[in-house]
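> Any chance you could fold what I've pasted below:
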Amino acid sequence: MEKSIVSIAKGSDVQSLVDEALSLLGGLESFVKPGASVVVKPNVGHPAPPETSVNTNPAVVAAVIAAIRRCKPKEIILAEASGVRMDTLKALDVSGIGQAAKDAGVDRIVDIKRLKTEDVVEVKVPNYSQIPSFRLPRFLVDADCVIAVPIFKTHITMTYTGVVKAMKGTVDDKMHRRMHFVQLGEALFDLLAVSPVHLAIVDMIRPQEGLGPMTTGTPIDFGAIVAGTDPVAVDATCCRVAGIVPEKTYLRFGAERGLGIMAEDLIEIRGKSIKEVYRKFATPFLDTKGFGDFVGYSVFDENACSSCLAGVTAALDALRKMGPKYEENKGISIVFGAKKALPENIARGKNLILIGNCVEKFRGQGVMVPGCPPMGSPIMWGITKREDQEEELIPVETWKEEAKDL
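So this is what the prediction gives:
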């Protein structure tokens, strides 16, 4: 079997690192021909500033666009659909990526959520596992070269996020949400089977460890770029660099379906070796008993999606760091995820916290925190205030005027 090639560059100058990683793969001109249409897909899931490492480093996005510009393409499009209920243009602004892309010479910035019906094409997934078809941007499907530029982060419920998971940002909220209501790991590879990635350049300049992928994660100075044409091989290499065993992650679904190579002996590493750059990332969610680690709290998460799992975990972790607040709220039951009936022998009233729209039908039997998924602080408020919360609305149109020049 032919090996997948993955390059690793480590240093301090971002542009030099990107150029080195691409040179080790034969140079960007091998992928981007003069007159080509190129799509750059970063990871801009939430409106968080650069120092949080929630999104791709703006300097990495700028370096990639600058490298593409030297290849004399016809057009460079930066495209993204931020997380469910998030405003993409706001996220691009707050993250600094929108301005960085403009300064580097991008031709267009496209919010995939705002595309018109005629700009989207339905693509069937051959031999699908979870989702039979996806609505994808026509310009993405037709592009000569799609370059994924995600940041690497540890992830509370998915172990890590890199190239494969970041491609969820090519679909709208409805499809994104649907992916969370099936086996997400397998659904990611249904998407990867039809959403093209010709080249992946992973930002490990300042990745996250700990309770990522949101602001509960901890940014660390790492100074590396990992690149390749096989998203599975690239993600597997990033995992190994971070001390995560890729065979124990959702990557196995892609390898089993022949959508990439995960086996270490079938990946040719160029540049720095894994051993040279290795650093064990903190993964407390793997080293504990899950929700059992939150002593004094009964959590019923059957059939829950990864968004609610992450939200509840982040809230309980933040509460634990408060010390006295954590102690005074012990004894409560937290229920979320699709259920036909409430678990037996649990508290009712103010000692029962219902999280998310899946348990809306039980409203009145406990404290209700609505949303799909609940956003922001309402989960914490529901637990500490013991009163029903209003859904925190984030209107999609909010930032249209402020970001109209992106």
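
> quick one: low-confidence parts of the stretch 301-406 of the chain?
Along the stretch 301-406 of the chain, segments meeting pLDDT under 70 span 393-406.

> For it, just list every one of the helices.
Along the stretch 301-406 of the chain, the segments classed as helices by DSSP state H, counting those that start in this stretch run 306-321, 324-328, 378-385.

> Pull out the buried residues from the second one.
Residues of helix 324-328 classed as buried under the neighbour-count rule (16 or more other Cβ atoms under 10 Å) are residue 326. Every residue, glycine included, has its C-beta placed from N, CA and C.

> how far is it from where the chain is centred?
32 Å (Cα atoms, centre = their mean, to the nearest Å).

> Using PDB, list the CA coordinates for it.
Output of helix 324-328 as PDB, limited to C-alpha atoms (Å, rounded to 0.1, in the frame of the first residue of the first chain):
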ATOM      1  CA  PRO A 324     -18.200  26.700  47.900                       C
ATOM      2  CA  LYS A 325     -20.800  27.000  45.000                       C
ATOM      3  CA  TYR A 326     -20.000  23.500  44.000                       C
ATOM      4  CA  GLU A 327     -20.500  22.200  47.500                       C
ATOM      5  CA  GLU A 328     -23.800  24.000  48.100                       C
END
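
> Tell me how many other residues crowd the closest residue in space to residue 121 that isn't next to it in sequence.
Distance criterion Cβ to Cβ, 6 or more residues apart in numbering; nearest residue to residue 121, sequence neighbours excluded, is residue 138 at 4.9 Å. For residue 138, the neighbour count with other Cβ atoms under 10 Å is 12.

> hang on, the earlier thing: dump the helices of the stretch 301-406 of the chain to TSV, plus distance to residue 225.
Listed next are the helices of the stretch 301-406 of the chain as TSV, based on distance: least, Cβ to Cβ, whole Å:
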stretch	distance to residue 225
helix 306-321	27
helix 324-328	39
helix 378-385	35
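
> What ranges does the stretch 101-250 of the chain have for its strands?
All strands of the stretch 101-250 of the chain, identified by DSSP state E, counting those that start in this stretch, fall at 108-111, 120-124, 133-137, 145-149, 151-155, 159-161, 199-210, 217-219, 224-228.

> helices or strands next to the third one in the packing?
Spelled out, that is strand 133-137. Packing partners of strand 133-137 (3 or more Cβ pairs under 8 Å, 6 or more residues apart in numbering; DSSP states H and E): strand 120-124.

> check contacts around the nearest residue to residue 226 once chain neighbours are set aside.
Distances taken as Cβ to Cβ, 6+ apart put residue 202 closest to residue 226, at 4.4 Å, once the chain neighbours are dropped. Counting by Cβ atoms under 8 Å, 6 or more residues apart in numbering, residue 202 makes contact with 149-152, 162-163, 225-227, 234-235, 238.

> hang on, the earlier thing: isn't the residue nearest to residue 121 right next to residue 119, touching?
Yes: if you go by Cβ atoms under 8 Å, residue 138 and residue 119 touch, sitting 5.5 Å apart.

> and of the helices of the stretch 301-406 of the chain, who's closest to residue 71?
When those are compared by Cβ to Cβ, helix 306-321 sits nearest residue 71, at 37.0 Å.
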